[in-house]
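A.B. asks: let's see this in three dimensions:
(chains A and B)
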Amino acid sequence: MMKKIRQNTNGSSLIVVCLVLLSLFFLIALLAPWIAPYDPVKVDLLNKLADPSTQHWLGTDHLGRDNLSRLIYGARISLGFAVLIFLSALLIGVLVGCISGYAGGWLDTVLMRMCDGIMAFPNLILVLGIVGIFGPGLMQILLALMLVQWVYYARICRNMVISLKERSFIAAAKISGSSSWAIIRRHIIPNVQHPIVVIGTLEMGWAIMDISALSFLGLGIQPPNAEWGSMIHEGTAYIRSQPELMIYPGVLIMLVVILFNLLGEALSERYGVSKREL
Amino acid sequence: MLQVREVGYRYGHRRNWLRPRKENSFVLNQVTFELNHSSCLSILGTSGAGKSTLGRVVLGLQKPHQGQVLFEGQDLYAASGRFRKNLRRDIQVVFQDCYSSVNPLMTADQIIGEPLRNYERLSARELKRKTGELLEKVGLSVEDGNKRPDQFSGGQLQRINIARAIALRPKLIVLDEPVSSLDRVHQSLILDLLAELKASLGVSYLFITHDIQAAMTLCDRVAVMDRGEIVHLSDSPASLWNSQQTAVKNLIESVLPDHPGDRLTLF
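C.D. replies: Numbering: from 1, shown residues only, chains lettered A, B, ... in the order given. Have a look, this model is predicted:
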């Protein structure tokens, strides 16, 4: 299916479509207090598990809370924290990768063995372990996911820096008096940005999945606040009578992740970044 | 001005008891020579002779394992901090591969302006004016300053590299095979430009090449390297023709005759 989409739209229009739809999601998340028709945590037990109606477009859950409002507020957590994780992992990863690749020697060995250690663990188990130690909560999840995601940026960044270092413009910059920091800033980071953007887009999808998965397990956001993963969890009790309680947030997660993956694909094609490199 | 004293350099991974160091693994061995102001010394040699390593040692990129490199009487590798930065200001470089010696994402102005930004506090307008002057000095136009490397040909890129090298008005420029990646026509144009700049700026060249003809046109002194050692060092390039060294003879024989079948008749 991916191939078909790519054939029908040339790379750039796919990028535009993905970006527009994603920014729509982000806009809704950002404007949640103004868009959402109800307070997402307001309980109305007389109206519980209501079917879609003009008052509640997507019905209500087992405590009578408006599903649409909860989905909109849930987007804030899912998307907002994914962006936070993305940004912090990117910052740490690029910095560590550049330093590691540029300095080489024992520093490189220590940092890369650290990456190997983190990569050798299944992500979710590592995150569960961290949450197990520090207790459930969004901050802990944020920290844990950041800790496992930066290694991917660091890895690719380091490999690119090592291949860049061989090019003589780095030596020429050194000779013309640029400090190591200036070389990293002026020459190395601009030259690694494309693969980093691609991998970052793909990692965003993973971050959203991970946050939802952890919330589904009850380790992330705590009730009564809404988050897509925790909404699926709450819906499991009514899977026979009201399956849409799980379907709504599930579809949203799927949509956003697909959009990020498509965007990543399109960008990697656009920038000529091969999948093998990642 | 530049004194290279008994410099030795070796490559290879750090050895330990499992991998003992091989005897005689030096890429540079007891290399000694001097270079004066406004003169040009050519380092000739086949690939693998160690001449590029020598260039990197002189540039301050690779600390030699033995010996000293003195520039204006100061040890290049003993200096530190700001002092070292100022010492290095006077040694600039033009590399062989013109494509990889410029950052593909920068404009020509940014490339040439980099050394100026590092050493001189200039306003944006002054910087632009200076890079424009430099572009014209190497035979390009001011408008070329906004172009990026993929819009230039190899010869033009090498001119940009030369402009970057002369931006700080250095005393010494290391030319590491500066014309080897160009075609014959551009080779001679670039050599003309280098000769002209040498006359007008009074700069010295350390001209690393395997091309004996290019060396002849530009240099007043020649050194021939073979397997890490200088086997021939002379004040007159013509002396090469009387040398009995195999390395020198091989170099001379590699020059293509004007007509196929002719014996070489340069002098």
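
A.B. asks: going forward, measure contacts and count neighbours with C-alpha atoms only.
C.D. replies: Will do.

A.B. asks: per-residue pLDDT, residue 56?
C.D. replies: Looking at chain A here, since you left the chain open. As predicted, residue A:56 sits at a pLDDT of 74.

A.B. asks: that was the other one, I meant chain B.
C.D. replies: pLDDT for residue B:56: 91.

A.B. asks: residue A:141 too?
C.D. replies: 85.

A.B. asks: for residue B:99, same thing?
C.D. replies: According to the model, residue B:99 scores 90 on pLDDT.

A.B. asks: cool, residue A:93 as well?
C.D. replies: At residue A:93, the pLDDT recorded in the model is 93.

A.B. asks: cool, and the one 5 residues further on?
C.D. replies: On the pLDDT scale, residue A:98 is placed at 90.

A.B. asks: distance check, it against residue A:209.
C.D. replies: As judged by C-alpha to C-alpha, to the nearest Å, residue A:98 and residue A:209 stand 28 Å apart.

A.B. asks: what does chain B put close to chain A?
C.D. replies: Applying C-alpha under 8 Å from any C-alpha of the partner chain, we find that chain B lies next to chain A at B:59-61, B:85, B:88-89, B:91-95, B:97, B:100-103, B:105, B:114-115, B:118-119, B:165.

A.B. asks: show me just the buried residues among those residues.
C.D. replies: Buried subset of the residues of chain B next to chain A (neighbour count, 16 or more other C-alpha atoms under 10 Å in any protein chain shown): B:59-60, B:85, B:88-89, B:91-95, B:97, B:100-103, B:114-115, B:118, B:165.

A.B. asks: just to be sure, which of the residues you listed are found in strands?
C.D. replies: Among those, DSSP state E puts B:91-94 in strands.

A.B. asks: dump those to TSV, plus distance to residue B:31 and pLDDT.
C.D. replies: Below are those laid out as TSV (distance: C-alpha to C-alpha, whole Å; pLDDT from 0 to 100):
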residue	distance to residue B:31	pLDDT
B:91	19	92
B:92	21	94
B:93	20	93
B:94	22	94
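
A.B. asks: rebuild these as CSV, extending it with distance to residue A:185.
C.D. replies: Shown next, in CSV, are those (distance: C-alpha to C-alpha, whole Å):
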residue, distance to residue A:185
B:91, 24
B:92, 22
B:93, 22
B:94, 23
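
A.B. asks: name the pair among those with the greatest separation in space.
C.D. replies: B:91 and B:94 (10.6 Å; C-alpha to C-alpha).

A.B. asks: element containing residue A:222?
C.D. replies: For residue A:222, there is no helix or strand it lies in under DSSP states H and E.

A.B. asks: residue A:137 is in contact with that one, correct?
C.D. replies: Yes: assessed by C-alpha atoms under 8 Å, residue A:222 is found in contact with residue A:137 at 6.9 Å.

A.B. asks: contacting residues for residue 140?
C.D. replies: Let's take chain A. A:130-131, A:134 (C-alpha atoms under 8 Å, 6 or more residues apart in numbering or on different chains).

A.B. asks: ah, I was thinking of chain B
C.D. replies: Contacts of residue B:140 by C-alpha under 8 Å, 6+ apart are B:156, B:159.

A.B. asks: 10 Å - rerun?
C.D. replies: B:132-134, B:156, B:159-160, B:163 (C-alpha atoms under 10 Å, 6 or more residues apart in numbering or on different chains).

A.B. asks: ok so, going back, now for residue A:222 and residue A:137: what residues contact both?
C.D. replies: residue A:215.

A.B. asks: tell me which parts of chain A are close to chain B?
C.D. replies: Contact residues (C-alpha under 10 Å from any C-alpha of the partner chain) of chain A with chain B: A:164, A:166-179, A:182, A:186-188, A:190-191.

A.B. asks: again, 7 Å this time
C.D. replies: A:167-169, A:172, A:175-178, A:187 (C-alpha under 7 Å from any C-alpha of the partner chain).

A.B. asks: so is residue B:5 in a helix, a strand, or just coil?
C.D. replies: At residue B:5, secondary structure determined by DSSP: H, G, I helix; E, B strand; the rest coil is strand.

A.B. asks: quick one: it and residue B:66 touch, right?
C.D. replies: No: taking contacts as C-alpha atoms under 7 Å, residue B:5 lies outside contact range of residue B:66: 8.9 Å.

A.B. asks: residue nearest the centroid of chain A?
C.D. replies: residue A:204 (2.5 Å; C-alpha atoms, centre = their mean).

A.B. asks: right, and it touches residue A:82 too?
C.D. replies: Yes: at 6.3 Å, residue A:204 and residue A:82 qualify as touching, with contact defined as C-alpha under 7 Å.

A.B. asks: now do the phi/psi pair for the residue lying closest to residue B:84 once chain neighbours are set aside.
C.D. replies: With C-alpha to C-alpha, 6 or more residues apart in numbering or on different chains as the criterion, residue B:84 has its nearest non-adjacent residue at 7.2 Å, and that residue is residue B:76. For residue B:76, the backbone dihedrals are phi -60, psi -30 (criterion: degrees, to the nearest 10).

A.B. asks: ok, the residue in the stretch 51-200 of chain A positioned nearest to chain B - contacts?
C.D. replies: Residue nearest to chain B within the stretch 51-200 of chain A: residue A:169 (3.9 Å; C-alpha to the nearest C-alpha). For residue A:169, the contact set (C-alpha atoms under 7 Å, 6 or more residues apart in numbering or on different chains) comprises B:100-103.

A.B. asks: which one of those residues is nearest chain A?
C.D. replies: Distances from chain A to these, taken by C-alpha to the nearest C-alpha, are shortest for residue B:101, at 3.9 Å.

A.B. asks: just give the closest residue to that closest one, not the sequence neighbours.
C.D. replies: In space, residue B:101 is closest to residue A:169, 3.9 Å off (C-alpha to C-alpha, 6+ apart).
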